[in-house]
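Colleague: Show me how the following folds:
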Amino acid sequence: MGYFRGLWNDLRKNVAADPDLLLVAAVFALAVLVPHYFRPRLHAGGPGWPGAVTVLWRSVVYMAVPLLSLFLLRMPPAGAGFRLGKPAIWLRDIGLLYLVMLPIVYLASRQSGFQRAYPYFAFERLDFAHLLLGLGIRAFGMFAWEFFCRGYLLFGFERRVGGPAAVAIQTIPFAVMHTGKPGPEAIGSIVAGIALGILALRNRSFIPGAILHWAVAATLDIFALAYV
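Modeller: The predicted model follows:
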């Protein structure tokens, strides 16, 4: 009986004491896995189009699954970063961070590994209209990704474990999700994850990070095209 009493006490201590953290972690992990195992059967023709469909589907999942769980967490969308935040502050924040990133992105775009990987969708090379379409799809993707990591995961943990721990926690999956990208970008995502997490906490919103993330990605696509 002593064994079962100890087992019950440990379960109660580690599960019942704070089920919200386990729910956030489980929902986040589920949303990461779903796009890999359940994919829409759409046959998009042409180079780059299957990748675009994948990004759109993944983005829908990254948004929908966490949003559906918010009522279980008793967490309003604003509590997950769905708010404008403090534009007077974050406009300057993202402007400064973009200027810091600009020379790094330029130098990266001249490397062969980045030129093979970017622009992100092959059809962006066709003409200006296709470039705008690709950047639009990427904008939706970045919005979803930032909500997923710097909205749902960051703020879901922050209210239980505090800001510094939440920033550290969300940085790990964010960096892992860069597996397959050019090496410098994957390693740089560790620093980017920390910076974007602090930016979200500072402004109580993931929207500034979404704008900055997209701006850097769009600039990389454009710079890479310049060397085609």
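Colleague: ok, now which ones touch the residue nearest to the spatial centre of the chain?
Modeller: The centroid of the chain falls nearest to Trp145 when counting by C-alpha atoms, centre = their mean (2.8 Å). Trp145 makes contact with 59, 62, 210, 213 under the criterion C-beta atoms under 8 Å, 6 or more residues apart in numbering. In this view, the C-beta of every residue, glycine as well, is placed from N, C-alpha and C.
Colleague: Give me the number of neighbouring residues for the last one.
Modeller: Using other C-beta atoms under 10 Å, His213 is surrounded by 24 other residues.
Colleague: tell me what whichever strand or helix holds it is packed against?
Modeller: Per DSSP states H and E: His213 is located in helix 207-225. On a contact count with 3 or more C-beta pairs under 8 Å, 6 or more residues apart in numbering; DSSP states H and E, helix 207-225 meets helix 87-109, helix 112-117, helix 128-146, helix 183-203.
Colleague: Identify each buried residue in the first one, please.
Modeller: This points to helix 87-109. 90, 93-94, 97, 101, 105, 108-109 (16 or more other C-beta atoms under 10 Å).
Colleague: Which two of those have the greatest separation?
Modeller: Greatest spatial distance in the buried residues of helix 87-109: Trp90 and Ser109, 25.9 Å, computed using C-beta to C-beta.
Colleague: Go through the helices and strands packed on helix 207-225 and name the closest to Phe4.
Modeller: Comparing the helices and strands packed on helix 207-225 by their distance to Phe4 (C-beta to C-beta), the top pick is helix 183-203, with 41.1 Å.
Colleague: Buried residues, the closest one. List them.
Modeller: In helix 183-203, counting by 16+ other C-beta under 10 Å, buried: 185, 188-189, 192-201, 203.
Colleague: How about residues contacting it?
Modeller: Residues from elsewhere that reach helix 183-203 (C-beta under 8 Å, 6+ apart): 81, 85-86, 89-90, 93-94, 97, 104, 108, 111, 113-114, 146, 149-151, 154-155, 158, 163, 166-168, 170-171, 174-175, 178-181, 206, 208-209, 212-213.
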